[in-house]
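Asks: sequence? don't have it. structure:
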Ligand code: 5GP
Ligand code: MN
């Protein structure tokens, strides 16, 4: 991490009673929540007295164990409170996203706040709208960057078991339990330190991955047996789910998390997509292996973005039109 930036953060953090906000991206995942609550815990244990964590909307149920979740202000349930926090904050930590458009309804409040905006993130192509940026695309997760930041601030002794659990959750979910974005030895060194600090890795794995509801498990089975389409010529596979499909399995927030990865597990498939019908758009998840760049695919054709091998987007047509567009893009070799 850039030492000049670290000194600036140290300076900015000299007043322990100033209002500090931590915000993450919409549809927060394990890394969004883990990095935000890890940062929250670190600052809390370091003596900061006026801390707030905001998520634009709610988070999946497999994260309902994460320390300090009760402190989160969920903006779409409490928009006025979230806006007030942002406008009154002197520092805003912006974690796990690369542009202000990623906080949905809070975009204007974030932009207009006079607070110093500090970006800490690992997505490519961050926008230049932040006052201070720690943007490193080679790291596994934002949680790993938060560990680095804490260490650079000389605060490693402030990482207790709870902070460690938050950061571990971020690393483990953004690497699919150490199966992608996991080729750097340092990721494992940090994970090892977090385990030494009290993380029960086996237990957290069960909490995150092995607490499916029966409906969620049946929905997964349905996706694979009834809704999976394979395009062998293109080395691609996708799953599409209508609102009626979701209703049939009493869909809850987070139930489709990870479904797209199953399509990636098929032999010779290097690009996978999941299309989900929402009220006024189709929500899309993309995954790829190696050099296939789904960040570009999402940016260029589906109003989104993300990482080279994991990205998402939206499309404002029906499910059929959206998947047709996807198939055409692949057939035309535009990926
Ligand atoms: P997921 O498929 O799990 O929803 O998202 C995969 C990755 O793409 C995550 O890193 C997420 O932050 C990013 N992502 C998902 N949706 C969008 C989007 O609409 N815009 C941008 N810029 N990134 C997205
Ligand atoms: Mn992340």
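Replies: That came through, no problem. Everything numeric here is computed off the predicted structure, so don't read it as measured data. Residues are numbered from 1 along each chain as shown. Ligands and ions are numbered 1, 2, ... in the order given.
Asks: Next SSE downstream of the longest helix along the chain?
Replies: Looking across the chain with DSSP state H, the single longest helix is helix 30-45. As assigned by DSSP states H and E, the chain's next helix or strand after helix 30-45 is strand 51-55.
Asks: I'd like to know which elements that next one is packed against.
Replies: Contacts defined by 3 or more Cβ pairs under 8 Å, 6 or more residues apart in numbering; DSSP states H and E place strand 51-55 against strand 20-24, helix 30-45, strand 72-74, helix 79-88. Every residue, glycine included, has its C-beta placed from N, CA and C.
Asks: what comes into contact with the first one?
Replies: Strand 20-24 has contacts (Cβ atoms under 8 Å, 6 or more residues apart in numbering) with 32-33, 35-36, 39-40, 43, 48, 50-56, 85-86, 89-97, 103, 106, 110, 115.
Asks: Okay, angle between it and strand 51-55 too, please.
Replies: Relative orientation of strand 20-24 versus strand 51-55 (axes from the mean of the first three to the mean of the last three Cα atoms, to 10 degrees): 20 degrees.
Asks: what is the orientation angle of strand 20-24 with helix 30-45?
Replies: Using the same axes, to 10 degrees: strand 20-24 against helix 30-45 is 170 degrees.
Asks: that older thread, put the buried members of the contacts of strand 20-24 into a ChimeraX selection.
Replies: Those of the contacts of strand 20-24 that count as buried under 16 or more other Cβ atoms under 10 Å are selected in ChimeraX with:
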select :32,33,35,36,39,40,43,48,51,52,53,54,55,56,85,86,89,91,92,93,94,95,96,97,103,106,110,115
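Asks: near ligand 1 too, which of the contacts of strand 20-24?
Replies: When Cβ under 6 Å from any ligand atom is applied, no member of the contacts of strand 20-24 is adjacent to ligand 1.
Asks: In the stretch 151-300 of the chain, which residue sits nearest ligand 1?
Replies: residue 285 (3.0 Å; Cβ to the nearest ligand atom).
Asks: Secondary structure element for that residue, which one?
Replies: Using DSSP H and E, the element containing residue 285 is strand 282-288.
Asks: what residues does that strand touch?
Replies: Here strand 282-288 makes contact (Cβ under 8 Å, 6+ apart) with 260-261, 263-264, 270-276, 294, 297-298, 302, 304, 306, 308-319, 322.
Asks: Which residues are in contact with the closest residue to residue 241 other than its chain neighbours?
Replies: For residue 241, ignoring the flanking residues on the chain, the nearest one in space by Cβ to Cβ, 6 or more residues apart in numbering is residue 276 at 5.0 Å. Each residue near residue 276 by Cβ under 8 Å, 6+ apart is listed here: 240, 241, 246, 256, 282, 283, 284.
Asks: Spell out which parts of the stretch 151-300 of the chain neighbour ligand 2.
Replies: Within the stretch 151-300 of the chain, the positions adjacent to ligand 2 are residue 174 by Cβ under 5 Å from the ion.
Asks: from the stretch 201-335 of the chain, which residue is nearest to ligand 2?
Replies: For the stretch 201-335 of the chain and ligand 2, the shortest gap (Cβ to the ion) falls at residue 307, measuring 8.1 Å.
Asks: Weed out the non-buried ones from the contacts of strand 282-288.
Replies: 260-261, 263-264, 270-276, 294, 297-298, 302, 304, 306, 308-313, 315, 319, 322.
Asks: Sounds good, over and out.
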